[in-house]
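J.: Okay, here's the prediction I keep looking at, along with the sequence it came from:
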Amino acid sequence: MAKTLARKIIEEHLVEGRCQPGEEIGLRIDQTLTQDATGTLAALEFEALGLERVRTEVSVSYVDHNILQSDFKNPDDHRFLRSIAARYGLWFSPPGNGICHQLHMLNFGRPGATLLGSDSHTPHGGGLGMLAMGAGGLDVAAAMAGQPFFLTYPKVLGVRLSGKLSPWVGAKDVILELLRRLSVKGGLGYVVEYHGPGVTGLSVLQRAAITNMGAELGATSSVFPSDEKTKAFLTAQGRADAWREMSADDGAVYDKLEEIDLAALEPLAACPSSPDAVRPVRELAEVAVEQVIVGSCGGGSYEDLMTIAMALKGKALAPGLNLSVNPGSRQALAQVTANGALLDMLEAGVRLHQAGCLGCIGMSQAPATGAASVRTFPRNFPGRSGTKDDRVYLTGPEVAAATALAGHLADPRQVFGPQEPIPPAPAVRPEALVAPPADGAGVAIVRGPNIAPFPQLPPLADDLVCTVALKVGDNITTDHIMPAGSKILPLRSNVPAISQFVFNAVDPDFPAKAQACAPAAVVGGDNYGQGSSREHAALAPRYLGVQVKLAKSFARIHKANLINFGVLPLVFADPADYDRLDEGQRIELRGVKRALLEGAENLTALVDGQPVELRLEASPRDRQILAAGGRLNHIKNAL
Ligand code: F3S
């Protein structure tokens, strides 16, 4: 049988289950990555398992999200992570080195490997032919301990690329086109697999920009074949040994197919405030822009920086416009320094920031009230920039450059002449990656006062009687549940402190309400918990006493996180029942623990005495985890 590339990688790593649609499978994980915002908790969780050393081929702890060091908390976390890495055998990437996804692909990724990362843009590695998936930190901690990663066997969405991108049309326009067609839910349950004659015309960095933003489609992962371009990329990184050729078999059948003629694409932008609100840039010329930022994991590569530098050379920014550049890696920054492009950018008026996440996660560079901001970032959920009423447009670097000169959203084909090819990257590799010692047994772990122990979570009760503490609508993001930003991020290693910010933007009294009525329930609409792998969005509400979430549907990673922390993710059998629930109502789930352990999919709750039918879609393993009160309890019980 002709196989897709995704299936080949899955079969090579399958340790439990069968490759049948809808079945739960367990995959051996070769590599893991954590970033600091999710990594401190993952480190505490790994530590709680009591092992001597990670059991993966390579695990890396990156510090990239939370690097402003405005008080002791950030550096304490960094020092803690550095000591954990040395103690347990992880590589460590200190702040200023760049963003985890770019660094991992440059320095560790290899075609055909599985990568699990505690960050939703981990599919970035798919540009290199890896099966790279985002997950909660607890799943990553378990993978570091050599446990399989469990997921539903995914369907494969084939995207057949033909033709060649026109000048001033880039990788971002490919993924924006898919988001326009399929929406932020279009990839749910799928691995997106790119193939066809158009693949060879895309560089590895372009491919990674595309797979990176597959996360916005809700896809499990996205993957490109590994070909001669991949080989050249790895060779330039001094890692030719890591290359192997990988692609789908001829005649491989996809569960769903999209075709994109690259030559037919035009510059696109995702409008405020969703990555799928995509429109052609030529229709948006009336949008006056005050701020442009080029950066992030999906938009700060060497090629992205070069696109800006070459387009701006010898030109001046629009009056009053601020153009920030936020390199994705120290290596990309060194490369544009070595070839002089950095000077071209600085002379044009670029404001340079350190390599890292920064503006993408609301860590500085918030736009002014009411101002439109154009960013090469992967997402533009409302308020994520740090400004409540933000208007963030997502584009490729080509549109960002044209906009920076015009002062309004501008089609680069109308602003610039012919586009010159980007010169090969200079051979500089200035990373400050820290290898672990051969034996970490004697390494002392250094904790600051902001690092609180992992909370004890009790097992599920047989009878649950909870109160609805909050009702929200559709497409609630993990940002709504557990906001990011410079005040909150440093508290991620301190669950009691961070839990006081849960749902603050929706209802500032939520933490007190949830604690007062615990066990509490939250009611949501469709696609509840979309947006990121942030496990605090499950753990912090659980800490406050939220035991049940009822929704019309859940985003995949968030649902997995809820189970991992012992929160029941229940779906309305009839979505219209959503309207019957309100804050303050009592929900009775009698005998729920027994029912879930017996495999019941249909549960009846009594809401103020009236029955409401609910569904629990969970594997037998997930049911045991829920009964144990979370995955850490479940793993510990088995040790
Ligand atoms: Fe960082 Fe933003 Fe990517 S927070 S990992 S640059 S999506």
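T.: In hand now; what should we look at? Residues are numbered from 1 along each chain as shown.
J.: Compute the first-to-last residue distance for stretch 116-132.
T.: 6 Å (C-alpha to C-alpha, to the nearest Å).
J.: for it, the distance to its chain's centre please.
T.: 9 Å (C-alpha atoms, centre = their mean, to the nearest Å).
J.: Tell me, what's the model's pLDDT at the closest residue to residue 396 other than its chain neighbours?
T.: Excluding the flanking residues, the one nearest residue 396 by C-beta to C-beta, 6 or more residues apart in numbering is residue 172, at 3.3 Å. The way it works is simple: take the backbone N, C-alpha and C, and place the C-beta from them, glycine included. We have a pLDDT of 98 for residue 172.
J.: got the contact list for residue 172?
T.: Contact partners of residue 172, counting by C-beta atoms under 8 Å, 6 or more residues apart in numbering, are 209, 213, 268, 298, 299, 376, 394, 395, 396, 397.
J.: with the residues you listed in mind, which one is nearest to the ligand?
T.: Ranked by distance to the ligand (C-beta to the nearest ligand atom), the contacts of residue 172 are led by residue 298 at 6.5 Å.
J.: follow-up on the earlier one: list the buried residues in the helix or strand hosting the residue nearest to residue 396.
T.: Per DSSP states H and E: residue 172 is located in helix 171-182. Within helix 171-182, the residues that qualify as buried are 171, 172, 173, 174, 175, 176, 177, 178, 179, 180, 182, counting by 16 or more other C-beta atoms under 10 Å.
J.: May I have the secondary structure class of the residue of the stretch 151-300 of the chain found nearest the ligand?
T.: Of all residues in the stretch 151-300 of the chain, residue 297 sits closest to the ligand, at 3.3 Å by C-beta to the nearest ligand atom. Using DSSP: H, G, I helix; E, B strand; the rest coil, the structure places residue 297 in coil.
J.: Now for it: which residues touch it?
T.: 99, 100, 101, 102, 121, 124, 212, 328, 357, 360, 378.
J.: Among these, find me the one that's closest to residue 14.
T.: When the contacts of residue 297 are compared for distance to residue 14 (C-beta to C-beta), residue 124 wins out at 23.5 Å.
J.: From residue 327, how far out is the residue nearest to that closest one when sequence neighbours are not counted?
T.: Closest residue in space to residue 124, ignoring its immediate chain neighbours: residue 101 at 3.6 Å, by C-beta to C-beta, 6+ apart. Distance, residue 101 to residue 327, by C-beta to C-beta, to the nearest Å: 13 Å.
J.: Run a quick neighbour tally on residue 259.
T.: Using other C-beta atoms under 10 Å, residue 259 has 11 neighbouring residues.
J.: coming back round to it: which of residue 101 and residue 327 has more neighbours?
T.: Legend: neighbour count by other C-beta under 10 Å for residue 101 and residue 327, higher for residue 101 (32 against 28).
J.: Determine how far the last residue of stretch 501-521 lies from the first.
T.: 17 Å.
J.: Please point out which parts of it sit buried.
T.: Buried, per 16+ other C-beta under 10 Å, within stretch 501-521: 501-504, 507, 510-511, 513-515, 517, 519-521.
J.: For the stretch 1-150 of the chain, what lies in contact range of the ligand?
T.: 65, 99, 101, 119, 121 (C-beta under 6 Å from any ligand atom).
J.: Going along the chain, name the helices of the stretch 451-600 of the chain.
T.: 478-481, 495-498, 510-517, 536-544, 556-564, 592-597 (DSSP state H, counting those that start in this stretch).
J.: Of those helices, which is nearest the ligand?
T.: helix 478-481 (11.1 Å).
J.: Now do that closest one: everything it contacts.
T.: By C-beta under 8 Å, 6+ apart, helix 478-481 touches 381, 383-384, 472, 502-503, 505-506, 529-534, 537, 541, 558.
J.: Can I have the buried ones of these as a PyMOL selection?
T.: Here is the PyMOL command that selects the buried residues among these (16+ other C-beta under 10 Å):
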select buried, resi 381+383+384+472+502+503+529+530+531+532+533+534+537+541+558
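J.: got the buried residues for stretch 484-498?
T.: For stretch 484-498, using 16+ other C-beta under 10 Å, the buried residues are 484-486, 488-495, 497-498.
J.: Off-centre distance for it?
T.: 18 Å.
J.: Is any residue of that stretch near the ligand?
T.: No. Under the criterion of C-beta under 6 Å from any ligand atom, the ligand is not reached by stretch 484-498; the shortest gap measures 7.9 Å.
J.: Quote the end-to-end distance of that stretch.
T.: 10 Å.
J.: Look at residue 639 and report its pLDDT.
T.: The model reports residue 639 with a pLDDT of 66.
J.: Likewise for residue 489?
T.: pLDDT at residue 489 comes out at 78.
J.: residues contacting it?
T.: By C-beta under 8 Å, 6+ apart, residue 489 lies in contact with 37, 65, 66, 361, 363.
J.: Okay, buried residues for the host helix or strand of residue 86 please.
T.: Using DSSP H and E, residue 86 sits within helix 73-88. Under the neighbour-count criterion of 16+ other C-beta under 10 Å, helix 73-88 has 73-74, 76-88 buried.
J.: Which members of those residues are the farthest-apart pair?
T.: 73 and 88 (22.2 Å).
J.: Spell out which residues of this protein are next to the ligand.
T.: Residues of the chain lying near the ligand (C-beta under 6 Å from any ligand atom): 65, 99, 101, 119, 121, 296, 297, 357, 360, 361, 378.
J.: Using TSV, please lay out these together with distance to residue 578 and secondary structure.
T.: Listed next are the residues of the chain next to the ligand as TSV, based on distance: C-beta to C-beta, whole Å; DSSP: H, G, I helix; E, B strand; the rest coil:
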residue	distance to residue 578	secondary structure
65	34	coil
99	38	coil
101	36	helix
119	31	coil
121	31	coil
296	35	coil
297	35	coil
357	35	coil
360	32	helix
361	31	helix
378	30	coil
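J.: Name the nearest of those relative to residue 592.
T.: residue 119 (32.7 Å).
J.: contacting residues around the closest one?
T.: Contacts of residue 119 by C-beta under 8 Å, 6+ apart are 33, 34, 35, 38, 100, 101, 134, 532, 533.
J.: excluding its backbone neighbours, what's nearest it?
T.: Nearest to residue 119 is residue 35, by C-beta to C-beta, 6+ apart, at 5.2 Å.
J.: for residue 198, same thing?
T.: residue 161 (3.0 Å).
J.: In CSV, list the C-alpha atoms belonging to the helix or strand containing that neighbour.
T.: Element membership for residue 161, per DSSP H and E: strand 155-162. The C-alpha coordinates for strand 155-162 follow below in CSV (Å, rounded to 0.1, in the frame of the first residue of the first chain):
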residue,chain,number,x,y,z
LYS,A,155,-6.1,11.7,9.4
VAL,A,156,-3.8,13.1,6.8
LEU,A,157,-4.7,16.3,4.9
GLY,A,158,-2.6,16.4,1.8
VAL,A,159,-1.7,19.8,0.4
ARG,A,160,-0.5,19.4,-3.2
LEU,A,161,1.7,22.3,-4.1
SER,A,162,2.4,23.2,-7.8
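J.: Great, nothing more from me.
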